[in-house]
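Q: coordinates only, no sequence provided:
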């Protein structure tokens, strides 16, 4: 079987985002049977249904990246107990118009983190609700919710917390296995 193509999407637009740093670390991991790339959602305009059948080029390119991938890895903070607006906007563009859902049938995994102790858990549950309509196949375990994410990196953006790094590696390997399993069904 060819390598599993994982597309990583950060739910944060912040320049010094911990989630974008984590996604960069993940893209450098040596994962057997997988290649990992990222999609930048910062250039997507606000979703406007008037343009869903003739979307801007940034949207077309984003949808193409999703369609060419086998699995999606969402790495996102939690804003106001839910999914960040930029990530929700990206999901809306990629899943529209009805009948042209780029996420259809894709496997998915979520990593979240927060500067508090819950690690973005509420965002994960809201995002999983969207997976139902998107017809995605989420990885259920392991769940990776990183509390006190601000304490997990050094100045160069490397993960310094061994248990966090191990859990992230476990998830990526599980996503590869899950995706291979779903492709054979």
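A: Noted; the coordinates are in hand. Remember, it's a predicted structure, so these values are computed and weren't measured experimentally. Numbering: from 1, shown residues only.

Q: who does the residue nearest the centre of the chain bridge with?
A: Centroid-nearest residue in the chain: residue 74, 1.3 Å away (criterion: Cα atoms, centre = their mean). Beta bridges link residue 74 to residue 9, residue 110, judged by DSSP bridges.

Q: I'd like to know how far it sits from residue 151.
A: The spacing between residue 74 and residue 151, counted by Cβ to Cβ, to the nearest Å, is 22 Å. For the C-beta atoms, the positions are set from N, CA and C on the backbone; glycine is no exception.

Q: just residue 12 next, same as before
A: 17 Å.

Q: the spatially closest residue to residue 56 that is not a sequence neighbour in helix, strand or coil?
A: Nearest non-adjacent residue to residue 56, counting by Cβ to Cβ, 6 or more residues apart in numbering: residue 45, 5.9 Å away. With DSSP: H, G, I helix; E, B strand; the rest coil as the basis, residue 45 sits in coil.

Q: pLDDT on stretch 57-72, on average?
A: For stretch 57-72, mean pLDDT rounds to 98.

Q: of all the residues in that stretch, which ones are buried?
A: 59, 62-63, 65-66, 69-72 (16 or more other Cβ atoms under 10 Å).

Q: and for stretch 116-124?
A: 119-124.

Q: can you check stretch 40-56 too?
A: Buried residues in stretch 40-56 (16+ other Cβ under 10 Å): 41, 44, 47, 52, 55.

Q: repeat that for stretch 143-150.
A: 144-147, 149.

Q: from the residues you listed, pick the one nearest residue 175.
A: residue 144 (10.5 Å; Cβ to Cβ).

Q: apart from its neighbours in sequence, what residue is nearest the closest one?
A: That would be residue 111: by Cβ to Cβ, 6+ apart, it lies 4.5 Å from residue 144.

Q: quick one: contacts for residue 90?
A: Residue 90 sits next to 9, 41, 44, 62 when contact means Cβ atoms under 8 Å, 6 or more residues apart in numbering.

Q: need the pLDDT of it.
A: Looking at residue 90, the pLDDT reads 98.

Q: ok, now residue 1?
A: The per-residue pLDDT reported for residue 1 equals 60.
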